[in-house]
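Q: turn this into a structure:
(one chain, ligands or ions: 1)
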Amino acid sequence: MNQIIIYGAGMIGRRYYDFFKSLHMEDIIYAYCDRNYKEIKSIGEVPVYSYDDLKNVGYPFVIALIEQEEVCVQLQNDAQTYYDSVESWIKNYQGNDNDPIRMCAVYRNMERKVNGGIENENRLDNLDKEIYASIPDLNLDKAVKIYGGICPCCKEKTLFIAYDHWLRDYYKCLFCGSIPRQRALMKVLEREMPNWKDMKIHESSPSGNILRIFKKQCAQYTYSYWYENEALGVELQNGGINENLENLTFENETFDIFITQDVLEHVNHPEKVLTEIARTLKKGGKHIFTTPLYPFKKTIPRIKMEGDKRELILPPIYHGNPISGEGSLVTYEWGGYDFLEMIDESTGMESKIVEFPNSKENFENGLEGDFLQVIVSTKV
Ligand SMILES: [Zn+2]
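A: Numbering: from 1, shown residues only. The predicted structure is shown next:
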């Protein structure tokens, strides 16, 4: 059986169509579904079908539109035909046994959310709008990697999709736009602090959709950026607080959790920063963070501080910065154990590195790419 009907000729139907075309399937019937199918047999070149039509022709089919609910029961009844025909293609393509119903659910939900944003803005709050506006486009011909699973950030059944081989920055969740290191951090957070939603969390220099997820899910989440020329401790226009990590304005033992994502490789005085973070954490509190680590190497400083003056030891390298187009200078390339030792010695906290090795579970959480380690320092 080499034919498949894409039932639903809208945007999502079109994506399905492209998907199967990208599997080099030529015999695809791409059909509209319409309540008026009895009168209207085709729209342009595209035929119009009903569910009964699909059954009668006996082809496997994919329900691509929100009409899925309407025919979901029948779909389940016919699941065997459907699976036998579709499953193997998807298997070949994705390299896992992700099921087509799951894909339907992904696209159906996406469609609903996207439509909610376009046709009925009131159905989405502002955070949702921001999140959905940054969902990556689905262009299967250009994807270098696709894998199905559950996203640790948005908890949705989703597809992870990359259009670039540098997965660390480009392997995104189709639902929330998260990238691997954010998913790794979220997974560690869930494991280390299962009640994080009820806790007092502070994050320094957050970026991307994970910031919106935290804002939505944790009432006591606050965040900060540092603008050198603004007063410390005041609220910024972007909703954050102006804070210098070397000199935080928070009281001792304020937070349960302190998060930094890819910040520690840019600071001038790491010991000072870590000491300040430790000071503002409650006993038992945790600094959960990511930074590019080279576990089998020794730390390489790229700068030297003479008082407040920064001197380059090695040629400058810059990373993206959420509040500056100029980027942030990389000040340290952190090694593994000497870094943990430095944290423990300067703060008295106990630290460990959490790794995400290649495994089915990690693949299904979209955890692939370089520098996926998460460091957890606990205040004892
Ligand atoms: Zn997600």
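Q: show me how the chain divides into domains.
A: Structural domains assigned to the chain are 4-110, 180-378, following automatic domain parsing.
Q: among the helices and strands of the protein, which has the poorest mean pLDDT?
A: When each helix and strand of the chain is scored by mean pLDDT, DSSP states H and E, helix 79-94 comes last, with a mean of 37.
Q: quick one: L372 from G320, how far?
A: Separation of L372 from G320 (C-beta to C-beta, to the nearest Å): 18 Å. Where you see a C-beta, it was placed from the backbone N, CA and C, and this is true even at glycine.
Q: so these two - more neighbours on which side?
A: L372 (21 against 11; other C-beta atoms under 10 Å).
Q: what score does the more buried one have for pLDDT?
A: On pLDDT, L372 comes in at 93.
Q: what's the longest strand in this protein?
A: Assignment by DSSP state E gives strand 281-290 as the longest strand of the chain.
Q: tell me the strands beside that one, with direction?
A: Sheet pairing for strand 281-290, assigned by DSSP bridges, gives strand 255-261 (parallel), strand 374-378 (antiparallel).
Q: out of the domains of the chain, name the one with the poorest average pLDDT.
A: Among the domains of the chain, domain 4-110 carries the lowest mean pLDDT, a mean of 50.
Q: mind checking the SS state of Y147?
A: The three-state label given to Y147 by DSSP: H, G, I helix; E, B strand; the rest coil is strand.
Q: excluding sequence neighbours, find me the nearest residue to K282.
A: Distances taken as C-beta to C-beta, 6 or more residues apart in numbering place E253 nearest to K282, at 4.6 Å, with adjacent residues excluded.
Q: hang on, the one you found in a strand?
A: No - per three-state DSSP, E253 lies outside any strand segment and is coil.
Q: right, and it touches I277 too?
A: No - using C-beta atoms under 8 Å, E253 makes no contact with I277, being 11.9 Å away.
Q: not counting stretch 160-172 itself, show me its contacts.
A: The contact list for stretch 160-172 (C-beta atoms under 8 Å, 6 or more residues apart in numbering) reads 136, 138-139, 142-149, 151, 173-174, 178-181, 366, 368-372.
Q: would you mind listing the buried residues in it?
A: F160, I161, A162, L167, R168, Y170, Y171, K172 (16 or more other C-beta atoms under 10 Å).
Q: tell me the one of these nearest Y225?
A: R168 (22.4 Å; C-beta to C-beta).
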